[in-house]
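In: Any chance you can model this:
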Amino acid sequence: MKTNFLKLMLLALVAMFTFASCEKDDNEPSKWIVKIGAQSNTSIGAFYSLSEKKIYNQTDAFNNQAKIDLVCFYEHDEINNRINDMTLSSPGANIRDIFTGETDVMNYTTKNLTTITPTSASSGAGTLPANTQSITVEQFDQIKQGEAIIATYFNSTLTSSNKKAKLLVANDIYAFKTQDGTYGLFKVVAVSEPKNASGWLQFEIKTYKPAV
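Out: Numbering: from 1, shown residues only. You can find the predicted model right below:
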């Protein structure tokens, strides 16, 4: 009888810990992960709306210009020294010779500008400008959605070379500010191999919108 009682108690403890573990997992917020295509990707669109958390193809993006905050493209032009490779930018960044046709970004009448500034974890940014904020992958992972600290990583003193994040590779981290004043950080999760105009970019986003 005593042995059976101990077994029952052990089972009860196991069940209690299992329930607590599951409850903790259920309460953890899901990550905001985006997988976006480059300009020639026929299965994944190259345009992203932060407010809608939605990817658009080129035609649909043209019909929803006011919603588009980010644009992905690939560019490797050695002749004209435009070596950007996998890049994240925005409609307001004067993107030329990437998209074609009547729905080209250059033909937009509403061009939202998302300014993008490097952090210490921006490998493709070259010589980092003054006031570049320091951040590690571990620090990024600890930041929660909506935390005010997100805004502090954006370099508001940078007035040039702040319209695109280029040469993106896994674990690059950039700060950004959208046309409507939303601050954000994005961390590159993965980049397609081989890197080309038919490839894709996967990244995690965390944002903060100050109260008006």
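
In: Please make it C-alpha for all contacts and neighbour counts, starting now.
Out: OK.

In: so what's Thr132 closest to, chain neighbours aside?
Out: Nearest residue to Thr132 in three dimensions, chain neighbours excluded: Thr119, at 5.5 Å (CA to CA, 6 or more residues apart in numbering).

In: Tell me if I'm right that the one you found and Tyr174 touch.
Out: Yes: contact criterion CA atoms under 8 Å: Thr119 and Tyr174 qualify, at 5.6 Å.

In: Phe47 and Gln39, how far apart?
Out: Distance, Phe47 to Gln39, using CA to CA, to the nearest Å: 9 Å.

In: who's in contact with Thr103?
Out: Neighbouring residues of Thr103 by CA atoms under 8 Å, 6 or more residues apart in numbering: Gln58, Thr59, Phe62.

In: State the helix or strand in which the residue nearest the centre of the chain lies.
Out: For the chain, the residue nearest the mean C-alpha position is Phe186 (3.9 Å; CA atoms, centre = their mean). For Phe186, the host element (DSSP states H and E) is strand 183-191.

In: Pull out the buried members of the contacts of Thr103.
Out: Among these, the ones that count as buried by 16 or more other CA atoms under 10 Å are Gln58, Phe62.

In: in the sheet, who's paired with the residue nearest to Thr132?
Out: Here Thr119 sits in beta bridges with Gln133, as judged by DSSP bridges.

In: cool, and Lys187?
Out: Counting by DSSP bridges, Lys187 is bridged to Ile173, Glu204.

In: which residues does Tyr174 contact?
Out: Contacts of Tyr174 were listed using CA under 8 Å, 6+ apart, and they are Ile116, Thr117, Pro118, Thr119, Ala121, Ser122, Ala165, Leu185, Phe186, Lys187.

In: Please identify which of these is nearest to Trp32.
Out: Comparing the contacts of Tyr174 against Trp32 with CA to CA places Phe186 closest, at 9.7 Å.

In: Would you agree the closest one is in contact with Phe203?
Out: Yes: judged on CA under 8 Å, Phe186 makes contact with Phe203 at a distance of 6.3 Å.

In: what are the phi and psi angles of Asp77?
Out: phi -120, psi 90 (degrees, to the nearest 10).

In: didn't it look like it was pressed against Asn196?
Out: No: look at Asp77 against Asn196 with CA under 8 Å: they stay out of range, at 11.7 Å.

In: Between the two, which has more neighbouring residues?
Out: Between Asp77 and Asn196, counting by other CA atoms under 10 Å, Asn196 is the more crowded of the two (19 against 11).

In: before we move on, back to that, how about the contacts of Thr103 in JSON lines, adding distance to Asp104?
Out: JSON lines is the format used below for those (distance: CA to CA, whole Å):
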{"residue": "Gln58", "distance to Asp104": "8"}
{"residue": "Thr59", "distance to Asp104": "9"}
{"residue": "Phe62", "distance to Asp104": "8"}
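
In: Which ones among the contacts of Thr103 lie within helices?
Out: Among those, the members falling in helices (DSSP state H) are Gln58, Thr59, Phe62.

In: got the contact list for the second one?
Out: Put plainly, it is Thr59. Applying CA under 8 Å, 6+ apart, we find Thr59 in contact with Thr103.
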